[in-house]
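Peer 1: sequence and predicted structure are below.
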Amino acid sequence: MSKILSGKEVSGRIKSELKEQTEILKKNNIFPGLAVILAGDDPASRVYVNNKKKACEEIGIYSEEYTFSSDVTEDEILDLIDELNKKDSISGILVQLPLPKHIDEKKIINSINPKKDVDAFHPVNVGKIMTGNYDFVPCTPAGIMELIKESDIDITGANCVVVGRSNIVGKPMAMLLLHQNGTVTICHSKTKELKEVTKKADILVVAVGIPNFVTGDMIKPGAVVIDVGINRMPDKKLVGDVEFETAEKVAGAITPVPGGVGPMTIAMLMKNTLKAAEINAKKGVNR
Ligand code: NAD
């Protein structure tokens with residue numbers, strides 16, 4: 001039986017700390033605000049946006065939501081971002097991905113002022129993560145680092161295997177582990193003999209988007225297993241990318257789905273929004 005790394009519990013602790021920090025900021029006339037942009041009618045995106053709004057309310061962060069139908073034009077979104085970039089009451093801007101297919105996601109992300117880019121997807125922030133000198137860390141990898149801290153494994157010198165190389169999860173995850181002195185391997189859809197690689201991992205992070213992809217026989221006994229996947233099955237049940245039943249018999253610590261990485265992602269978004277408010281108050285968004 002492995003230790004369950006409960007993101008629900010850890011994120012609850014982090015959110016109450018953030019609530020206290022928000023009160024202090026407000027006493028110092030710094031008012032954090034988050035704008036969330038949603039385009040299209042993806043039901044999962046709707047749920048994520050609702051959860052983000054709810055977290056803002058819990059913590060005391062002002063929030064605005066902008067919803068567009070799936071036939072929104074690129075210019076409409078760009079104009080809104082331009083307005084939000086200049087708006088004093090907004091410290092952070094989040095564009096919920098994926099966007100409708102006819103919209104160029106890169107162009108939209110590049111238009112966000114890097115100082116308000118609380119998702120840390122703008123190339124300026126991506127570059128800063130690479131050098132290790134960053135203000136914002138992408139929310140999912142940042143949340144995973146917090147969960148790893150809850151396990152008994154020291155990242156220094158550990159074999160860390162990240163399965164998945166997306167810009168949102170896999171790549172920044174690998175960088176954060178590297179900054180903490182992990183020996184990092186990134187696997188992807190073209191990796192050969194995947195099991196041989198995952199079997200050597202002391203810390204295994206799985207972000208592929210395939211239900212129950214990693215099974216117990218692919219895991220080193222005692223490893224920390226972080227399951228990033230959120231897959232909705234035909235019976236509406238949510239499952240991860242790791243087959244929990246077989247994995248938890250081998251792993252030393254494991255995250256559940258739901259209640260693992262998901263709530264941590266939202267807590268880290270809130271943390272980034274407070275950081276953005278502080279940075280913008282100190283330096284101004286245009287400097
Ligand atoms: P993505 O589709 O952008 O990337 C998937 C990655 O998996 C790719 O890099 C690909 O190379 C790799 N892959 C695909 N098939 C593979 C195979 N057979 N062997 C090895 N690697 C393979 O996905 P993403 O945005 O990184 O998301 C991954 C999963 O994490 C999804 O289920 C998504 O819903 C979930 N997710 C969860 C959170 C959260 O907060 N919990 C946040 C972001 C994404």
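Peer 2: Nice, thanks for sending it over. Numbers count the residues shown, from 1 in each chain.
Peer 1: rest of the way, CA atoms for contacts and neighbours
Peer 2: Noted.
Peer 1: so Pro114 sits right up against Asn125, yeah?
Peer 2: Yes - counting by CA atoms under 8 Å, Pro114 sits close enough to Asn125 to count as a contact (6.6 Å).
Peer 1: tell me which of these two has more neighbours.
Peer 2: Pro114 (25 against 22; other CA atoms under 10 Å).
Peer 1: what does the model give the more buried one for pLDDT?
Peer 2: For Pro114, the model assigns a pLDDT of 97.
Peer 1: kindly report the residues of the stretch 101-250 of the chain close to the ligand.
Peer 2: Neighbours of the ligand within the stretch 101-250 of the chain, by CA under 6 Å from any ligand atom: 140, 163-166, 168-170, 187-189, 207-209, 228-231.
Peer 1: rerun that using 8 Å as the cut-off
Peer 2: With CA under 8 Å from any ligand atom as the criterion, the stretch 101-250 of the chain meets the ligand at residues 139-140, 163-170, 187-191, 194, 206-211, 213, 227-231, 240-241.
Peer 1: select only the buried ones of those residues in ChimeraX?
Peer 2: A single ChimeraX command selects the buried members of these (16 or more other CA atoms under 10 Å):
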select :139,140,163,164,165,168,169,170,187,206,207,208,209,211,227,228,229,230,231,240,241
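Peer 1: tell me the contacts of Pro263?
Peer 2: Gly7, Lys8, Ser11 (CA atoms under 8 Å, 6 or more residues apart in numbering).
Peer 1: please see if the helix or strand where the second one lies touches the ligand.
Peer 2: By that I understand Lys8. Assigned by DSSP states H and E, Lys8 belongs to helix 7-27. No - using CA under 8 Å from any ligand atom, helix 7-27 never reaches the ligand; the gap is at least 9.9 Å.
Peer 1: may I see the buried residues of that helix?
Peer 2: Gly7, Lys8, Val10, Ser11, Ile14, Lys15, Leu18, Lys19, Gln21, Thr22, Glu23, Leu25.
Peer 1: just stretch 192-207 next, same as before
Peer 2: Buried-residue list, stretch 192-207, by 16+ other CA under 10 Å: Val197, Thr198, Lys199, Lys200, Ala201, Asp202, Ile203, Leu204, Val205, Val206, Ala207.
Peer 1: for the ligand, state which of these is nearest.
Peer 2: Ala207 (4.0 Å; CA to the nearest ligand atom).
Peer 1: the lengthiest helix in the chain - what's its average pLDDT?
Peer 2: Taking DSSP state H as the criterion, the chain has its longest helix at helix 261-283. Per-residue pLDDT over helix 261-283 has a mean of 95.
Peer 1: keeping just the C-alphas, turn that helix into CSV.
Peer 2: The C-alpha trace of helix 261-283 is given here as CSV (Å, rounded to 0.1, in the frame of the first residue of the first chain):
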residue,chain,number,x,y,z
VAL,A,261,-2.7,17.0,-9.3
GLY,A,262,-5.9,18.8,-10.4
PRO,A,263,-6.6,20.8,-7.2
MET,A,264,-2.9,21.7,-6.9
THR,A,265,-3.0,23.3,-10.3
ILE,A,266,-5.7,25.6,-9.2
ALA,A,267,-3.9,26.5,-6.0
MET,A,268,-0.8,27.4,-7.9
LEU,A,269,-2.8,29.6,-10.3
MET,A,270,-4.0,31.5,-7.2
LYS,A,271,-0.4,31.8,-6.0
ASN,A,272,0.8,33.1,-9.3
THR,A,273,-2.1,35.7,-9.3
LEU,A,274,-1.0,37.0,-5.9
LYS,A,275,2.6,37.2,-7.2
ALA,A,276,1.5,39.0,-10.3
ALA,A,277,-0.4,41.6,-8.2
GLU,A,278,2.8,42.2,-6.1
ILE,A,279,5.1,42.4,-9.1
ASN,A,280,2.7,44.8,-10.9
ALA,A,281,2.3,47.0,-7.8
LYS,A,282,6.1,47.2,-7.3
LYS,A,283,7.3,47.6,-10.8
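Peer 1: many thanks, I have nothing further to ask.
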